[in-house]
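Asker: Next comes the sequence, and after it the predicted model I'd like to discuss.
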Amino acid sequence: MLKKTALALAVSTLFVGAAAQAATIYDNNNGDTLKLYGEVGVGGHFGPNYEYGEFYQSPIADNEQGYGNELERSYIDDSFATLGVKGNYQEVYYRLELDYERENWVGGSGDMVLSIDKMFVGYNITENHAIEVGITDTAFDDYDKHGDLTFDTTVETGEAGDQANTIKYEGKIWNIKLGTSYSYQAESSSGAPLGDVVNGYIGYFGNIVSAVVGVEQRAGSNGESKYGEQQLVGFGMRVNVTDAITLGVNGYIEDEDKAQESTTVINNSSNINDDVKIYNDYQTLRNKGALVSASYKFTPKWELTGSYNYEEYEKWAIKNIEYDTTPYSWGDERTWSTVGVNFRPSSSVIFAIEGNFGEAAQDAYAYARVYF
């Protein structure tokens, strides 16, 4: 899982609505605009289970010092803020977005960090076709959780997410949407080299049924990090059973090369900072996961969500064989369920809580977000 959790239906729907309410700084009669938008969110993970290796302080993530000054905490902060500007001049559009977030994921620092999340310039070739260049979402990142109707604590597809040095095309033909992107020298969320990444998607978006298939291929770091080559296929589907009930399914299969060993080359015996670590013995490991989800809007402001999740990493089975007994409490695979409640007092505010049951990385996740 290389990037932080993508926001699912509850948040993406809100963001679209909130973006339309962004503060207008400039609005010309010819259609040129400049708008300010943002988000403020507080909340986090309650009762984290560090054995699953999803958080910064997890022992399984080779972290010995823990998160902050303690080895384990019963709550992990996931506060988040965004401030951005976007606009267009005729066919040209642009966006600059700053994020202030807690690096609480594996490989993160555990601190609040300010970063540029998006910085790109795009061009509308026609009304339904556009191309953009800069720091932006890779193509499949837009739909990697299309069939996930929950908030945050479900199976992660693990595609490349936001990347610098990216060129992306997206288009629409009738009810068919498609996109592809190329990222030069991509990086993981912790800054580890991934090599060049190409991904894309194609999907049908009808009023009742919508479905998306996405693929990704990674060139690998050529020994600069533990990440080698990778191929990933993902799928997501939603079915609007009624105006109030929606069902979803999401899944992926990934073949990823991971280095099993590393060698340190000493370039200067008097300065360890000049040493270079070279990763080798890459082995292809298969990872896969899937979920089924549902949402029920029982009032315009209240929504109930739920999911059942399955995840399997080949490294779990390998470790279990090596130790002749499972070092993981869940064995070769794990399953868990979520039940959540979303409350929207207005179109740009959401309060959410999501409980986890089974072999989950936390007991619950709660959040409050305000968009403007």
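Answerer: Yep, it's here.

Asker: how much space is there between the residue nearest to residue 36 when sequence neighbours are not counted and residue 37?
Answerer: Nearest non-adjacent residue to residue 36, counting by Cβ to Cβ, 6 or more residues apart in numbering: residue 23, 4.5 Å away. In short, each C-beta sits where N, CA and C put it, glycine included. As judged by Cβ to Cβ, to the nearest Å, residue 23 and residue 37 stand 7 Å apart.

Asker: Count the residues that sit near residue 194.
Answerer: Using other Cβ atoms under 10 Å, residue 194 has 23 neighbouring residues.

Asker: any idea which element it lies in?
Answerer: Using DSSP states H and E, the element containing residue 194 is strand 193-205.

Asker: same check, this time on residue 145
Answerer: Residue 145 belongs to no helix or strand, assigned by DSSP H and E.

Asker: Residue 75 versus residue 42, what's the distance?
Answerer: In this view, residue 42 and residue 75 are 12 Å apart by Cβ to Cβ.

Asker: Please state the offset of the strand holding residue 194 from the chain centre?
Answerer: Centre-to-centre, strand 193-205 and its host chain are 13 Å apart (Cα atoms, centre = their mean, to the nearest Å).

Asker: packing partners for that strand?
Answerer: strand 176-187, strand 209-218, strand 227-240 (3 or more Cβ pairs under 8 Å, 6 or more residues apart in numbering; DSSP states H and E).

Asker: Need the ones you listed in a markdown table (columns: mean neighbour count).
Answerer: Shown next, in a markdown table, are those (neighbours: other Cβ atoms under 10 Å):
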| stretch | mean neighbour count |
| --- | --- |
| strand 176-187 | 20 |
| strand 209-218 | 20 |
| strand 227-240 | 20 |
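
Asker: okay if I get these as TSV plus distance to residue 298 and mean pLDDT?
Answerer: Listed next are the helices and strands packed on strand 193-205 as TSV, based on distance: least, Cβ to Cβ, whole Å; pLDDT from 0 to 100:
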stretch	distance to residue 298	mean pLDDT
strand 176-187	30	97
strand 209-218	23	98
strand 227-240	16	98
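
Asker: Please identify which of those is closest to residue 158.
Answerer: strand 227-240 (7.0 Å; Cβ to Cβ).

Asker: quick one, helices of this protein?
Answerer: Ranges of helices in the chain, per DSSP state H, are 9-20, 314-323.

Asker: Worst mean pLDDT among those helices?
Answerer: Lowest mean pLDDT within the helices of the chain: helix 9-20, a mean of 42.

Asker: Rounded mean pLDDT for the strand holding residue 194, please.
Answerer: When pLDDT is averaged over strand 193-205, the result is 97.

Asker: how about that strand: buried residues?
Answerer: 193-195, 197-203, 205 (16 or more other Cβ atoms under 10 Å).

Asker: again with stretch 345-352
Answerer: Counting neighbours by 16+ other Cβ under 10 Å, stretch 345-352 gives 348-350, 352 as buried.

Asker: Around the nearest residue to residue 183 once chain neighbours are set aside, how many other residues sit close by?
Answerer: Closest residue in space to residue 183, ignoring its immediate chain neighbours: residue 163 at 3.9 Å, by Cβ to Cβ, 6+ apart. Neighbour count of residue 163, defined by other Cβ under 10 Å: 24.
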